[in-house]
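1. Sequence and predicted structure, then a few things I'm wondering about:
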Amino acid sequence: MDELGFMRRAIALADASVASGGGPFGAVLVKDGAIVGEGANRVVPDGDPTAHAEVVAIRDACRRLGTHVLDGAIVYTSCEPCPMCLSALWWARVGEIVYGNDRHAAAAIGFDDQALYDEVARPLAARKLPLRRLAAAEAAETFRCWETKADKVRY
């Protein structure tokens, strides 16, 4: 399958998602020329606000490959990833993102992520969703344990 075929598969997953009550989003993860993970939007069907197509595809790929690292993988997604999905793809170490619809097209049909982009750009004290720090010294102890753990798996 070539690049256009991978994108068409992502779009087909998005179409199937719409037909089954999910949002209009699909994604495939490709590594070494083969699909290693697929996902469609499952937010409403699963009652899970994190079940975006890219996150579902990451989970599928990691399960199939037995790893949390997707170095060199390419994601083909029917729409430009939202900030959450972009972060998940970053943490998975995906090498490239190829998308169909952009964030402006998504906003035009009711999926507007601009408020999230604006929120993360604000200083902590100016954010709409309040952040408060509590028990910092106690929480720091867990970090000290991690830092000295000889057999930790970095990610």
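-> Noted; the coordinates are in hand. Numbers count the residues shown, from 1 in each chain.
2. Show me the residue at the heart of the chain, geometrically.
-> Centroid check for the chain by Cα atoms, centre = their mean gives Cys85 as the closest residue, at 2.5 Å.
3. Tell me which helix or strand comes right after the helix or strand encompassing that one.
-> Assigned by DSSP states H and E, Cys85 falls within helix 83-91. Downstream of helix 83-91, the first helix or strand assigned by DSSP H and E is strand 96-101.
4. Mind giving me the packing neighbours of the helix or strand following that following strand?
-> Sequence order places helix 103-108 as the next helix or strand after strand 96-101, per DSSP H and E. If you count contacts as 3 or more Cβ pairs under 8 Å, 6 or more residues apart in numbering; DSSP states H and E, helix 103-108 packs onto strand 74-79. Any C-beta I mention is one placed from the backbone N, CA and C, and that applies to glycine too.
5. how far out from the middle of the chain is the strand it packs on?
-> 10 Å (Cα atoms, centre = their mean, to the nearest Å).
6. now the strands for this protein?
-> Assigned by DSSP state E, the chain shows strands spanning 26-31, 34-40, 74-79, 96-101.
7. quick one: Val75 from Leu89, how far?
-> Here the criterion is Cβ to Cβ, to the nearest Å. By it, Val75 lies 6 Å from Leu89.
8. So between the two, which is more surrounded?
-> Remark: of Val75 and Leu89, Val75 carries more neighbours, 29 against 24, as counted by other Cβ atoms under 10 Å.
9. Go ahead and confirm that one touches Glu54.
-> Yes - the pair Val75 and Glu54 qualifies as a contact (Cβ atoms under 8 Å) at a distance of 6.2 Å.
10. Need the overlap of contacts for those two.
-> By Cβ atoms under 8 Å, 6 or more residues apart in numbering, Val75 and Glu54 have these common neighbours: Ala27, Pro81, Leu89.
11. lowest-pLDDT helix or strand in the protein?
-> Scoring the helices and strands of the chain by mean pLDDT, DSSP states H and E places helix 114-121 at the bottom, with a mean of 92.
12. Tell me the pLDDT of Arg154.
-> With respect to pLDDT, Arg154 has a value of 83.
13. Which residues does stretch 3-17 contact?
-> By Cβ under 8 Å, 6+ apart, the list of residues contacting stretch 3-17 reads 1, 23-28, 30, 35, 38-42, 53, 74, 76-79, 98, 100.
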